[in-house]
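Trainee: dropping the sequence and predicted coords here.
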Amino acid sequence: MKNVGEKIKIVREINNYSQSYVAKIIGMSQSNYARIESGQTKITFDTLNKIDRKSTRLNSSHTVISYAVFCLKKK
């Protein structure tokens, strides 16, 4: 099973966005964003929520990120 970081990476790649682009949108450095995708750093609820709010630009991918946010809220 893929972790949240791996799922976010898939969404980013499907949309042909660079890590730098997504990191800029959510207000973090590319290196910190890369650590989240690789699983070196756990994503916080606040960061995932930022991605969710900004991901309306990602069209159908918004559903994937919203689902991840929903799952984290349930924990």
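Mentor: Structure's in. What do you need?
Trainee: so, low pLDDT: which residues of this structure?
Mentor: For the chain, the stretches flagged by pLDDT under 70 are 1, 55-75.
Trainee: which stretches in it count as helices?
Mentor: Counting by DSSP state H, one finds helices in the chain at the ranges 4-14, 19-26, 30-38, 45-54, 61-74.
Trainee: a markdown table please, covering those and showing mean neighbour count.
Mentor: In this view, the C-beta of every residue, glycine as well, is placed from N, C-alpha and C. Rendered in a markdown table, the data for these read as follows (neighbours: other C-beta atoms under 10 Å):
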| stretch | mean neighbour count |
| --- | --- |
| helix 4-14 | 18 |
| helix 19-26 | 17 |
| helix 30-38 | 17 |
| helix 45-54 | 17 |
| helix 61-74 | 14 |
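Trainee: contacting residues for K9?
Mentor: E37 (C-beta atoms under 8 Å, 6 or more residues apart in numbering).
Trainee: try it again at 10 Å.
Mentor: K2, N3, Q19, V22, Y33, A34, I36, E37, S38, G39 (C-beta atoms under 10 Å, 6 or more residues apart in numbering).
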